[in-house]
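K.L.:
coords please:
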Amino acid sequence: MAEREEARRKRAGALLSEHKLDALLVTNLHNVRYLSGFTGSNAQILLLRDGSARLLTDPRYDAQSRQETNCPIEIVKGPLFKAAAKAIGRVKVRRVGFEAASTPWATWKALDNALPARADLRASDGLVEGLRQIKDATEIELIRSSCALNSQALEKALMCFRPSMLETELAAEIDYASRRAGASGPAFDTIVASGAHAALPHAQPRAKAIQKGILLIDMGAFRSGYASDMTRTVHSGPAGVRFRRMYRAVLEAQLAAVDAVRDGATTKSVDRAARRVLHAYDLDEHFTHSTGHGLGLEIHERPRIGKTDKTRLAAGMAITIEPGIYLEGWGGIRIEDTVVVTRNGCEILTPTSKELREF
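P.N.:
This is a model prediction of the structure:
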């Protein structure tokens, strides 16, 4: 593992010259973990062009940092940015990048004031995140394991389902089953929405009984640091003709988008494949979000699978495919899988069936 993270630091360091940087101060904790293996809640990495790096953290993580990383470590008492400024001064670099998206303005200002006069602080965006888009074989197996756990948790929770159950109760059963199966926690707040409440794409579970009819469940888990994401829409009681037609439309859209995923395809072409199917059903105006997103150490990573996104997919990317339709006053249907891009298509990592289920 240490060799893998050292190789990542080398690759990231090699990119600094392309960004016209001599060094990069890494403050995004997911990027810190990616480059070092360190999982603590307070850390920064100073990365140089040759791939050498120094991990800065506080005394709480003295033992943990030595256990988790082979990166040189500096234990800091006080604000990390002050120690980072001193480290930058010692290596005598001029153009120092900082991760603008994860650096508050006040921290940036304090860092800028603490730097030696010769150092020039420059905003950087997405350098490490770009590397994180392509998962190696170990990462793919960790995501696969997380997906298997996620699906197992759904089946366990549905075994407890009863018509009088509250949305919040079912969400709690899902989270409990996920933890019991080995998750470190949910990848996001579990969505359980029944009836017309399912018309809200990011509905929060209510302390209300699950209604007969639509039941939308969106859930994910973190296992060994990696996320999974899955949505299934089931039906409480016998499904009627309208729901069956809607469900078929979303399922066909989801399968069409999955079929469009391959190395070299643009993200917008995948999104277009889903929308084309829904347009044929005259339902495309009810699809109000993007078709998917990348995931890995975070539940939402690059790339975005949307209408205007032009990213070209590459083998090793882990993404979600999740078209849905939402009709206010009626409800919503979404079907989502986590997939990994391959040279000739993709592999679906979500093992749960997408056949319509009635309870």
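
K.L.:
Any buried residues in the lowest-mean-pLDDT helix or strand in the chain, and which?
P.N.:
Ranking every helix and strand in the chain by mean pLDDT, DSSP states H and E puts helix 105-114 at the bottom, with a mean of 91. Within helix 105-114, the residues scored as buried using 16 or more other C-beta atoms under 10 Å are 107-108, 111, 114. Yep, even glycine has a C-beta here, placed from its N, CA and C like the rest.

K.L.:
Check which strands are paired with the next helix or strand after that helix and give the direction for each one.
P.N.:
Downstream of helix 105-114, the first helix or strand assigned by DSSP states H and E is strand 120-124. Strand 120-124 has these partner strands in its sheet, going by DSSP bridges: strand 95-99 (parallel).

K.L.:
Give me the mean pLDDT for the partner strand.
P.N.:
In this model, strand 95-99 has an average pLDDT of 96.

K.L.:
now swap in stretch 242-257 and tell me
P.N.:
Rounded mean pLDDT across stretch 242-257 is 98.

K.L.:
what's in contact with it?
P.N.:
213-214, 233, 235, 239, 270-271, 273-278, 281, 283, 287, 291-292, 305, 321-325, 333-337, 354, 356 (C-beta atoms under 8 Å, 6 or more residues apart in numbering).

K.L.:
Sort out which residues of that stretch are buried, please.
P.N.:
243, 246-247, 249-257.

K.L.:
what does stretch 327-335 give?
P.N.:
Quick answer for stretch 327-335 (16+ other C-beta under 10 Å): 330-335.

K.L.:
Quick check: end-to-end length of it?
P.N.:
16 Å (C-alpha to C-alpha, to the nearest Å).

K.L.:
same question, stretch 340-348
P.N.:
Taking C-alpha to C-alpha as the criterion, the two ends of stretch 340-348 lie 7 Å apart.

K.L.:
C-alpha coordinates for the least confident helix or strand of the chain, CSV please?
P.N.:
Provided in CSV are the C-alpha atoms of helix 105-114 (Å, rounded to 0.1, in the frame of the first residue of the first chain):
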residue,chain,number,x,y,z
TRP,A,105,-10.5,32.6,2.6
ALA,A,106,-9.3,33.3,6.2
THR,A,107,-6.8,30.4,6.0
TRP,A,108,-5.6,31.5,2.6
LYS,A,109,-5.0,35.0,3.9
ALA,A,110,-3.2,33.9,7.0
LEU,A,111,-1.0,31.5,5.0
ASP,A,112,-0.2,34.2,2.4
ASN,A,113,0.9,36.5,5.2
ALA,A,114,3.0,33.9,6.8
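
K.L.:
Next, the angle from that helix to strand 95-99.
P.N.:
160 degrees (axes from the mean of the first three to the mean of the last three C-alpha atoms, to 10 degrees).

K.L.:
Show me what helix 105-114 is packed against.
P.N.:
helix 80-91, strand 120-124 (3 or more C-beta pairs under 8 Å, 6 or more residues apart in numbering; DSSP states H and E).

K.L.:
How far away from the center of its chain is the last one?
P.N.:
Read it as strand 120-124. In terms of C-alpha atoms, centre = their mean, to the nearest Å, the centre of strand 120-124 is found 26 Å from the chain centre.

K.L.:
coming back round to it: let me have the buried residues of stretch 242-257 in a markdown table, extended by secondary structure and distance to residue 194.
P.N.:
Below are those laid out as a markdown table (DSSP: H, G, I helix; E, B strand; the rest coil; distance: C-beta to C-beta, whole Å):
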| residue | secondary structure | distance to residue 194 |
| --- | --- | --- |
| 243 | helix | 13 |
| 246 | helix | 15 |
| 247 | helix | 15 |
| 249 | helix | 20 |
| 250 | helix | 17 |
| 251 | helix | 20 |
| 252 | helix | 24 |
| 253 | helix | 22 |
| 254 | helix | 21 |
| 255 | helix | 25 |
| 256 | helix | 27 |
| 257 | helix | 26 |
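
K.L.:
so which of these would you say is closest to residue 146?
P.N.:
Proximity of the buried residues of stretch 242-257 to residue 146 (C-beta to C-beta) peaks at residue 254, which lies at 20.1 Å.

K.L.:
Could you find the closest non-adjacent residue to that closest one?
P.N.:
Distance criterion C-beta to C-beta, 6 or more residues apart in numbering; nearest residue to residue 254, sequence neighbours excluded, is residue 335 at 4.6 Å.

K.L.:
go on, residue 213?
P.N.:
residue 195 (5.2 Å).

K.L.:
Name the single longest helix found in this structure.
P.N.:
helix 137-158 (DSSP state H).

K.L.:
So which residues make contact with it?
P.N.:
4, 135, 170, 173-174, 176-178, 180-183, 217, 219-230, 232, 234, 295-296, 316, 318, 338, 340, 349-352, 359.

K.L.:
Just the buried residues of that helix, please?
P.N.:
139-140, 142-154, 156-158.

K.L.:
still on that earlier bit, list the contacts for the residue nearest to residue 213?
P.N.:
Going by C-beta under 8 Å, 6+ apart, the list of residues near residue 195 reads 211-214, 331.

K.L.:
And the pLDDT at it?
P.N.:
In this model, residue 195 carries a pLDDT of 97.

K.L.:
cool, residue 205 as well?
P.N.:
98.

K.L.:
wait, what's in contact with it?
P.N.:
With C-beta under 8 Å, 6+ apart, residue 205 has these contacts: 166-168, 170-171, 190-193.

K.L.:
Then residue 57?
P.N.:
Neighbours of residue 57 in contact, by C-beta under 8 Å, 6+ apart: 38, 40, 42-44, 65, 73-76, 80.
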